[in-house]
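>>> Dropping the sequence and predicted coords here.
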Amino acid sequence: MKNNDLQVLSSSAEPHDNGFLPGLVFGAFAGIAGMFLFGTKKGQKTVEQMKKTWRKMKPEVEEELEKAGHKMEKTNRPVLQALGEIAQYVAEKLDDGRGKKGKK
């Protein structure tokens with residue numbers, strides 16, 4: 001290969017987005033959060049508090065998802081209709097989870 005050929009190859013190569021460092025930082029923070037939440041007594045108390053809060057919020061979240069899903073499904077925009085169907089699906093699955101727990 002001549003120097004000309006190398007210059008053409010290097011100039012035609014598209015620059016790539018280097019996402020290694022952001023991924024490394026995100027992974028480190030995720031690891032620290034996991035270690036705190038599942039590896040310490042204070043973290044476990046935090047997890048329990050989060051669970052209690054979710055149990056209180058869950059019916060309201062289900063209702064809002066259902067409303068949003070209905071509104072989006074009624075539009076003439078296919079993307080919003082698809083999002084509406086997804087919202088409906090999620091709301092139904094949240095509701096199913098509640099029903100299964102009550103049966104045990």
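Nice, thanks for sending it over.
>>> Can you get me a residue count around Ala30?
By other C-beta atoms under 10 Å, 10 other residues sit near Ala30. All C-beta atoms are positioned from the backbone trio N, CA, C, and that covers glycine.
>>> Can you give me every residue that contacts it?
Residues counted as contacts of Ala30 (C-beta atoms under 8 Å, 6 or more residues apart in numbering): none.
>>> helix or strand for it, which one?
Taking DSSP states H and E as the criterion, the element that holds Ala30 is helix 20-39.
>>> now the helix or strand following that helix and helix 20-39, what's the angle there?
Downstream of helix 20-39, the next assigned helix or strand under DSSP H and E is helix 41-73. Using axes from the mean of the first three to the mean of the last three C-alpha atoms, to 10 degrees, one finds that helix 41-73 and helix 20-39 are set 120 degrees apart in direction.
>>> starting at the chain centroid, how far to the helix holding Ala30?
Computed by C-alpha atoms, centre = their mean, to the nearest Å, the chain-centroid distance of helix 20-39 equals 16 Å.
>>> One more: stretch 66-77?
21 Å.
>>> Repeat that for stretch 45-60.
On C-alpha atoms, centre = their mean, the centre of stretch 45-60 falls 18 Å from that of its chain.
>>> now do stretch 72-86
20 Å.
>>> tell me the contacts of the residue nearest the centre of the chain?
By C-alpha atoms, centre = their mean, the mean C-alpha position of the chain lies nearest to Val90, the distance being 12.8 Å. Going by C-beta under 8 Å, 6+ apart, Val90 touches Leu65.
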